[in-house]
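Chemist: Below are the sequence and a predicted model for it; my questions follow.
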Amino acid sequence: MSSYRRKPSRPQSTKGFTLIELLVVIVLMGTLAAIAAPSWVSFLNNQRLSTAQSQVFEVLRQAQTTAKLKHLDYQVSFRPQPPNGKAEWAMHPATLTDPASLPWNSLGENIQINPETTLPLQSNGIYKVRFDHHGEIKGNLGRVTLSVPNSQVKRCVIVSTLLGAMRAGENRPGQAGNPCD
């Protein structure tokens, strides 16, 4: 007989995951992501709109204050920038009227000027709010309404009195017509 000895067998390793376990985890994570993604996008859109609304409110206040301090008529202009309609603003003395010479600033990614905006619209497609040297509205009252594509959410800044009082507003889906006030 041979003296061949059999080596003791090692127990099978149980470290790691099986293919089935990995597939189950991937399917569960995909399902959770599909459920959470719309809420996350909605949250980001609301944050962008709130930031843009604050920016519009602050630039209007700044123009009003600058008009008083410099004893000049000051204006804030808003325009939708083609091709996607991205909203931009510029604060400038009212004597500057050439849009190409103005220092335009973006209101943020995907932020658009909603058609519900009631500010006076110039022939070149620019909305304006003008303050006289006392900081009072020179011209018409109005509202800047902001929105994002494919969303019912709106935010607005309303210039509500000739003395230059302003307030922020948002739409309320329960109201008829869903206005921004």
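Modeler: In hand now; what should we look at? Residues are numbered from 1 along each chain as shown.

Chemist: From here on, just use CA atoms for contacts and neighbour counts.
Modeler: Noted.

Chemist: show me where pLDDT drops low in this structure?
Modeler: In the predicted model, the chain carries pLDDT under 70 at residues 1-14, 172-179.

Chemist: Mind jotting down where the helices sit in it?
Modeler: With DSSP state H applied, the chain shows helices at 19-70, listed in chain order.

Chemist: where do the strands sit along the protein?
Modeler: Applying DSSP state E to the chain gives strands spanning 74-81, 86-93, 105-106, 112-113, 127-131, 142-147, 154-159, 166-170.

Chemist: Throw the ones you listed into a markdown table and include mean neighbour count and distance to Q55, thanks.
Modeler: Shown next, in a markdown table, are the strands of the chain (neighbours: other C-alpha atoms under 10 Å; distance: least, C-alpha to C-alpha, whole Å):
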| stretch | mean neighbour count | distance to Q55 |
| --- | --- | --- |
| strand 74-81 | 23 | 12 |
| strand 86-93 | 20 | 10 |
| strand 105-106 | 14 | 10 |
| strand 112-113 | 24 | 13 |
| strand 127-131 | 26 | 15 |
| strand 142-147 | 24 | 11 |
| strand 154-159 | 25 | 10 |
| strand 166-170 | 17 | 11 |
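
Chemist: Output those in a markdown table, with distance to Q53 appended to each entry.
Modeler: Compiled in a markdown table, those are given as follows (distance: least, C-alpha to C-alpha, whole Å):
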| stretch | distance to Q53 |
| --- | --- |
| strand 74-81 | 13 |
| strand 86-93 | 12 |
| strand 105-106 | 12 |
| strand 112-113 | 11 |
| strand 127-131 | 15 |
| strand 142-147 | 7 |
| strand 154-159 | 6 |
| strand 166-170 | 7 |
